[in-house]
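>>> Here is the input, now give the coordinates:
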Amino acid sequence: MCRGDDPTCPAFEAHLATFQEDMARERRSFLKSRFAGSLIAGTPTGPLKRVSSGKHHHLPANADTVHWGYFSKNLKPQVEVDPGDVITIEALTHQASDDHERMINGDPGAESVYLWTRDKKGVFRRGAGEGDGKGLGVHICTGPVFVRGAEPGDILEVRILDVVPRPSANPKFKGLCFGSNAAANWGYHYNDFLTGEKREVVTIYEVDATGERDWAKAVYSFKWPTVVDPFGVAHPTIDYPGLPVDHAKTERKWDVLKGVRVPIRPHFGVMGLAPKEADDVNSVPPSYTGGNIDNWRIGKGASVYYPVAVPGALLSVGDPHASQGDSELCGTAIECSLTGTFQLVLHKKAALAGTPLEAVDFPMIETATEWVLQGFSYPNYLADLGATAQADIFQKSSVDGAMRDAFRKMRRFLMTAKKLTEDEAISLISIAVDFGVTQVVDGNWGVHAIVRKNIFAP
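Now for the predicted structure:
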């Protein structure tokens, strides 16, 4: 019987229609809940910016609409939009196969993406390399979206109007959503265990998809077993995206993190535009056009500004998170499928002079109360490190470099947007700007600088 994982199956459209109706019902319930305001716990976002009367598009996540593990200026756009249009984009977590029962089963889009038998994969290419791209990128990205009129030198503003969990399609878990946190081999902690024993541990978390509660709780954890994939390859570590975990071979611990409530702050770890420097770019290290920034402030109510590097901008969205702390220390967040609604606003290069965007050539976040400037170990590692950049970046990142980049960007922003002198900017940075470690696990490490808007007189 067709389970909805094969788009050629005669019943696929019926499965898809039923699931989309369920998603729409859950979304309406969520929006009517008491969390109809900001989903970012503890962060007031104020009223959303007014949405123009542009067209509203919808981009589902399935095997035909996603690219797995890379950005590329050569990808065919999934949809074309005009500046000012609104688009709803479904985003799937690349760790859903840690618990197929809760995060894939019965979901036609997820099943089509994660389909993997001895004979085929729903999405064969996973990574920036040729063939299956083994080891080169992990994130399921929906898109790209082509923005008409966007040209290099422009700024694309992505206004995040809404973020909602993707509910489990399994009737056993109605009204719930699930995510996975992997304390993995690329985590900052991995060479610093108290006993010296290296291990990878996955924890599954539960989120309320209806909005009745704004916190997540742990369901169970398990130590990563050696996973043999459907092609017969053994994986003793988490070294390839979408590996199907057989829980008959795991020992699940159900009594973990008892009494702990993790505030949810849904956001997109990966959101960005195609860079110009290479044809295919690993999705893991972030850079000047965005990508895997992993800053939890990229959630509902925020705007993110990205410099356009190629015609049409080519926006892709992925790596959805239910919650994450600054640093993402163990390697991942609560990796949890989400759906976002965005308005895409184009700021043309010729109109940037004299505005806060005049000197922006990096991803910048704006909330109702703050400007958040994103620094990296290398501002544009693809250009900074040359022909072997995509390999070298994983050996050359440092918090020191990211801190220096964040400082320099904030200094330039204050001098350009607020017309301060260099000495004024440096003094203000020291007494009123907060710096934080965004992430230390993505190859090109991140430090962000936050300045509150209310320190400037109206």
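>>> Could I get the full set of strands for the stretch 351-458 of the chain?
Per DSSP state E, counting those that start in this stretch, the stretch 351-458 of the chain carries strands over the ranges 364-366, 370-376, 434-439, 446-452.
>>> Of all these, which one is nearest His58?
strand 364-366 (25.0 Å; CB to CB). (C-beta placed from N, C-alpha, C; glycine too.)
>>> Show me the contact partners of the closest one.
295, 297-298, 302-305, 357, 371-374, 413, 448 (CB atoms under 8 Å, 6 or more residues apart in numbering).
>>> So in that sheet, which strands flank that strand, and in what orientation?
strand 303-307 (antiparallel), strand 370-376 (antiparallel) (DSSP bridges).
>>> Give me the buried positions along the shortest one.
Buried residues in strand 303-307, counted by 16 or more other CB atoms under 10 Å: Ser303, Val304, Tyr305, Tyr306, Pro307.
>>> Most widely separated two among these?
Farthest pair in the buried residues of strand 303-307, by CB to CB: Ser303 and Pro307, 14.3 Å.
>>> thinking again about what came up before, and the strands of the stretch 351-458 of the chain: which comes nearest Pro230?
strand 434-439 (31.5 Å).
>>> hang on, the earlier thing: and of the buried residues of strand 303-307, the nearest to Val145?
Using CB to CB, these come closest to Val145 at Tyr306, 12.1 Å.
>>> how close does that closest one get to Gly291?
In this view, Tyr306 and Gly291 are 10 Å apart by CB to CB, to the nearest Å.
>>> Counting neighbours, what do you get for the closest residue in space to Ala432 that isn't next to it in sequence?
Nearest non-adjacent residue to Ala432, counting by CB to CB, 6 or more residues apart in numbering: Ile455, 5.5 Å away. Ile455: 11 surrounding residues under other CB atoms under 10 Å.
>>> So which residues of the protein form helices?
Per DSSP state H, the chain carries helices over the ranges 12-32, 100-103, 108-114, 381-384, 389-396, 399-417, 422-432.
>>> in the last one, what's buried?
Applying a neighbour-count criterion of 16+ other CB under 10 Å, the buried positions in helix 422-432 are Ala425, Ile426, Leu428, Ile429.
>>> for the fifth one, same thing?
Within helix 389-396, the residues that qualify as buried are Ala389, Gln390, Asp392, Ile393, Lys396, counting by 16+ other CB under 10 Å.
>>> Skip the chain neighbours and tell me the closest residue to the residue nearest the centre of the chain.
Geometric centre of the chain, nearest residue: Gly269, 2.3 Å, by CA atoms, centre = their mean. Nearest residue to Gly269, sequence neighbours excluded (CB to CB, 6+ apart): Asp319, at 3.4 Å.
>>> Verify the stated contact: the one you found with Ile334.
No. The criterion here is CB atoms under 8 Å, and Asp319 misses it with Ile334 at 11.6 Å.
>>> got the buried residues of strand 303-307 as a markdown table, with distance to Pro144 columns?
Output for the buried residues of strand 303-307, formatted as a markdown table (distance: CB to CB, whole Å):
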| residue | distance to Pro144 |
| --- | --- |
| Ser303 | 19 |
| Val304 | 16 |
| Tyr305 | 18 |
| Tyr306 | 12 |
| Pro307 | 16 |
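>>> just curious, which of these is nearest to His347?
Tyr305 (7.7 Å).
>>> if we can go back for a sec, between the contacts of strand 364-366, which has the most around it?
Ile298 (30 neighbours).
>>> Contact partners for it?
Counted by CB under 8 Å, 6+ apart, Ile298 has contacts Ile160, His267, Phe268, Gly269, Met271, Val304, Ile365.
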